[in-house]
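Visitor: only geometry, no sequence info:
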């Protein structure tokens, strides 16, 4: 099933409890433009704006533009973590731990054991 950029954008914005106005302010844009991105097909944000949106929504830009996936893959999560590392003041050691947990996937034992 194809899930388009606008649908993913709206879903994630709502998951975070952000209004169109709030997202627009955070990315330095206008409410009307965010509405267009969510509703016009195809949405065509600039690369710079795409990265701002991904950063605010704490999700990989690659996931937003990949219409072939509905949910972020482990790789998408890793990309988002790495891009957001500076904003979160994460060290390389922190990232390595997070990637290890991410690689463990649904293996609860591996995640529990990494303290």
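Guide: Cool, the structure landed. No experiment lies behind these values; they were computed from the predicted model shown.
Visitor: number of nearby residues for residue 28?
Guide: Residues near residue 28, counting by other CB atoms under 10 Å, number 9. No exception for glycine: its C-beta is placed from N, CA and C like everyone else's.
Visitor: residue contacts, it?
Guide: Residues near residue 28 by CB atoms under 8 Å, 6 or more residues apart in numbering: residue 52.
Visitor: can you offset everything so residue one is 2?
Guide: That works, and once the first residue is 2, the last one we named lands at residue 29.
Visitor: for residue 58, see how far away it is.
Guide: Relative to residue 58, residue 29 is positioned 14 Å away (CB to CB, to the nearest Å).
Visitor: what does the pLDDT read for residue 86?
Guide: Listed pLDDT for residue 86 reads 62.
Visitor: ok, residue 108 next?
Guide: 45.
Visitor: for residue 59, same thing?
Guide: In this model, residue 59 carries a pLDDT of 86.
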